[in-house]
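>>> My questions are about this predicted structure, shown below with the sequence.
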Amino acid sequence: MTDLAVDIIIPTHNRAHLIGTAVRTALEQSWWNCHVTVVDDGSSDRTQDTLSRYFDDPAFTYIRLAMNVGTAQAKNAGLLLTGGDAVTFHDSDDIPHRDKILQQVRILSQPGIGAHECLNWRMVGQEPNSVLQVGAALVHHELILPDGRRVAIRRDLSLFDDVFPNLQMGGQVPGEWTHINSGLFRHEVLARNGGFAPCIEEDREFRNRLMFNGEIIWVVPELLLTKIETADSLTQSQSTDYDSQQRKADRAMVWDKVAQWRTTGRVDPVPIDLPELDVAFVSNPAHLRARDMPMTGATRDAVMACLTRWQGLEASRWVAAE
């Protein structure tokens with residue numbers, strides 16, 4: 001086991017009625033070296049008041065963005081302003097099992113995993129008989145639907161839906177697939193591949209990019225997360241569900257990248273492009289970090305402006321207190 005520092009990033013927007021449970025269960029993780037960061041994507045409800053009870057917790061940071069940028073860019077904002085060795089993303093209505101992060105850290109910490117020559121490693125840019133480092137650990141999860149049904153999601157084949165749609169094992173509900181969003185990712189994976197594409201299929205595109213670029217992904221065959229679908233969830237809302245025009249357009253973009261991979265054997269990293277990054281409030285500015293990963297020059301300037309402003313204010317506060 002290592003001392004791997006894990007950032008749990010929770011993007012949220014107007015979920016004051018749900019966010020408290022997500023934060024509490026994230027803070028109660030059995031892995032000792034976790035830091036929970038909520039990225040409030042310009043909420044207009046009582047999210048900040050709801051979470052104020054955690055502001056003095058050294059393992060917690062609340063960041064409120066000055067404007068709504070959407071889920072994918074809120075995740076990117078969390079990446080840009082944290083600096084842990086590994087990162088996981090929980091939705092604001094997720095309830096992780098107490099040992100979720102611990103189990104994932106155990107996977108990422110495995111030494112000496114070999115690329116056995118019985119498998120076609122060169123297809124994904126790895127050499128047979130080389131030593132591999134696991135870059136991402138995924139988990140199975142339970143889904144609670146708006147009608148109260150509970151569905152156990154154990155469909156590992158769904159990871160290949162965009163490449164081999166003919167490999168199916170029968171699903172009970174739309175979108176029943178092994179969830180990439182709540183995987184645990186080494187920082188190095190992000191540094192090589194970039195952040196999330198600004199769309200509502202961002203987790204699907206990110207999943208494909210890691211697979212296509214040869215990252216080593218391990219699936220933990222246990223239900224370590226409960227996901228709650230509500231009427232306003234992205235997969236349930238009429239404007240963003242699986243039949244919506246927005247999702248269809250984003251899916252076409254994802255499939256274009258699959259075609260690129262079939263032609264070239266790689267897909268390009270996605271530099272974070274968030275020049276409008278602006279932080280309206282931070283509960284503990286001393287926790288802010290600048291992650292070293294692909295981003296545009298304007299985004300880097302915005303990150304440095306945020307750090308300069310908020311950590312400067314923090315330093316001024318301590319000088320005043322002395």
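Cool, the structure landed.

>>> C-alpha from now on. contacts and neighbour counts both.
Fine.

>>> which stretches of the stretch 51-200 of the chain form helices?
71-80, 100-108, 187-193 (DSSP state H, counting those that start in this stretch).

>>> Please name every helix or strand in contact with the second one.
This means helix 100-108. Here helix 100-108 touches strand 136-144, strand 184-186, strand 217-228, going by 3 or more Cα pairs under 8 Å, 6 or more residues apart in numbering; DSSP states H and E.

>>> can you list the helices of the stretch 51-200 of the chain in CSV and add mean pLDDT and distance to I216?
Formatted as CSV, the helices of the stretch 51-200 of the chain follow (pLDDT from 0 to 100; distance: least, Cα to Cα, whole Å):
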stretch, mean pLDDT, distance to I216
helix 71-80, 98, 21
helix 100-108, 97, 10
helix 187-193, 97, 9
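
>>> Would you point to the one among those that's packed deepest?
Of those, the one with the most neighbours on average (mean count of other Cα atoms under 10 Å) is helix 71-80, at a mean of 25.

>>> hmm, back to that, among the helices and strands packed on helix 100-108, which is nearest L167?
strand 217-228 (18.0 Å; Cα to Cα).

>>> That closest one pairs with which strands, and in what direction?
If you go by DSSP bridges, strand 217-228 pairs up with strand 94-96 (antiparallel), strand 136-144 (parallel).

>>> so can I have JSON lines of those showing mean neighbour count and distance to Q73?
Shown next, in JSON lines, are these (neighbours: other Cα atoms under 10 Å; distance: least, Cα to Cα, whole Å):
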{"stretch": "strand 94-96", "mean neighbour count": "23", "distance to Q73": "19"}
{"stretch": "strand 136-144", "mean neighbour count": "23", "distance to Q73": "21"}
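
>>> Which one of those lies nearest to Q311?
Within the strands paired with strand 217-228, the stretch nearest Q311 is strand 94-96; the backing value is 30.5 Å (Cα to Cα).

>>> what comes into contact with that closest one?
21-22, 25-26, 224-228 (Cα atoms under 8 Å, 6 or more residues apart in numbering).

>>> Just the buried residues out of those, in ChimeraX syntax.
Restricted to buried positions by 16 or more other Cα atoms under 10 Å, the ChimeraX selection for the contacts of strand 94-96 reads:
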select :21,22,26,224,225,226,227,228
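
>>> Please identify the buried residues of the helix or strand harbouring T263?
Secondary structure assigned from DSSP states H and E places T263 in helix 245-264. Using 16+ other Cα under 10 Å as the burial criterion, the residues of helix 245-264 that qualify are 247-248, 250-251, 254, 257-258, 261.

>>> hang on, the earlier thing: I'd like the strands paired with strand 217-228 laid out as JSON lines, including mean pLDDT and distance to F206.
Listed next are the strands paired with strand 217-228 as JSON lines, based on pLDDT from 0 to 100; distance: least, Cα to Cα, whole Å:
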{"stretch": "strand 94-96", "mean pLDDT": "96", "distance to F206": "20"}
{"stretch": "strand 136-144", "mean pLDDT": "93", "distance to F206": "12"}
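
>>> Save these as a markdown table, and put in distance to L184 too.
Below are those laid out as a markdown table (distance: least, Cα to Cα, whole Å):
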| stretch | distance to L184 |
| --- | --- |
| strand 94-96 | 12 |
| strand 136-144 | 5 |
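
>>> of all those, which lies closest to I10?
Across the strands paired with strand 217-228, closest to I10 is strand 94-96 (Cα to Cα), at 9.2 Å.
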